[in-house]
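Trainee: quick one: sequence and predicted model below, then my questions.
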Amino acid sequence: MEQTYKRVLTIAGSDPSGGAGIQADIKTISALGCFATSAIVAVVDENTLGVTGVHPVPVDFVVGQIHSVLDDIGTDAVKIGMLHSSELVRAVRRALDEYPRIRDIVLDPVMVATSGDPLLEADAVATLRDELVPRARVITPNIPEAELLLDRSITTQEELPDAARDLARLGASVLLKAGHLADTELVDIFYNAETGRMTRLPAPRVATRNTHGTGCTLSSAFAASLAKGMPLDEASRAAKAYIAAAIAAGARYRVGRGRGPVHHFHPFWQ
């Protein structure tokens, strides 16, 4: 009898330096034992030092890629990354609405690159918040992204649970990442909007500049975990464990002259 893969479709931009975007997503999904498919929304000119330019793929062509994958291969989960415009956000939402059985959608609300470069047009923030977040099952904002979505500042670890609950009112469960805080220990917060349960996800802070693509990697790990049938809380813990180990393993390497990538294949080789 033929076997089938657990499948994850990633909808995101391309990173030629290999540490973030579609490239990081495919590495993560593959490392976690799933079959990765992709719809590329933009070709980004970037490296470990920063973003030089973004060349959008025409919206109709993005939608065509989504249809081509889902009408043939299908998927068990979807990860959504950088969507640079309101038009694209709405188009992706409409495309996914044609497949109502696809529930496990993980949205990484990418607005600013690790280097600080903006990746989302200003007017698209509200569109993402109001039209795409409710279609997702999970969102994975970092603190600057959460601040934009909530229109308020977040400065301490103690604020994260309330912020996660408030974000969940937008329509999805929330993995709120604590990496931008200065605390010695990183404690991400996962709020399960389906059960009302709050889960602390602690990890030691690693002294490394290799943090390029961490958000892409975490959200892809979450999507892969859901594709394999894990419940939400278990998937949040699995995704956190994977990214924490990838950061720790990647700290030993030098890739580029800026912020290098994490080690996506740390379970297999050092």
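Mentor: Sure thing, it's come through. Please read all numbers here as calculations on a predicted model, not as lab measurements. Numbering: from 1, shown residues only.
Trainee: quick check: buried residues in the longest strand that the chain contains?
Mentor: Under DSSP state E, the strand in the chain containing the largest number of residues is strand 35-47. Neighbour counts over strand 35-47 (16 or more other C-beta atoms under 10 Å) mark 35-44, 46-47 as buried. The C-beta positions use only the backbone N, C-alpha and C, and glycine is treated the same way.
Trainee: which residues sit against the helix or strand of the chain with the lowest mean pLDDT?
Mentor: The helix or strand of the chain with the poorest confidence is helix 124-127; it has a mean of 89 (mean pLDDT, DSSP states H and E). The contact list for helix 124-127 (C-beta atoms under 8 Å, 6 or more residues apart in numbering) reads 83-86, 88-90, 111, 148-149.
Trainee: show me what the helix or strand following it is packed up against.
Mentor: Moving toward the C-terminus from helix 124-127, the next helix or strand (DSSP states H and E) is strand 138-139. Contacts defined by 3 or more C-beta pairs under 8 Å, 6 or more residues apart in numbering; DSSP states H and E place strand 138-139 against strand 105-107, strand 173-176.
Trainee: could you dump those strands into TSV and include distance to residue 60, mean pLDDT and mean neighbour count?
Mentor: Below are those laid out as TSV (distance: least, C-beta to C-beta, whole Å; pLDDT from 0 to 100; neighbours: other C-beta atoms under 10 Å):
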stretch	distance to residue 60	mean pLDDT	mean neighbour count
strand 105-107	21	98	26
strand 173-176	31	98	27
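Trainee: so which of those strands gets nearest residue 66?
Mentor: strand 105-107 (12.0 Å; C-beta to C-beta).
Trainee: partners of the closest one, with directions?
Mentor: strand 77-80 (parallel), strand 138-139 (parallel) (DSSP bridges).
Trainee: so for the shortest one, what's the average pLDDT?
Mentor: For strand 138-139, mean pLDDT rounds to 98.
Trainee: pretty sure residue 90 sits against residue 131.
Mentor: Yes: applying C-beta atoms under 8 Å, one finds residue 90 in contact with residue 131, separated by 6.1 Å.
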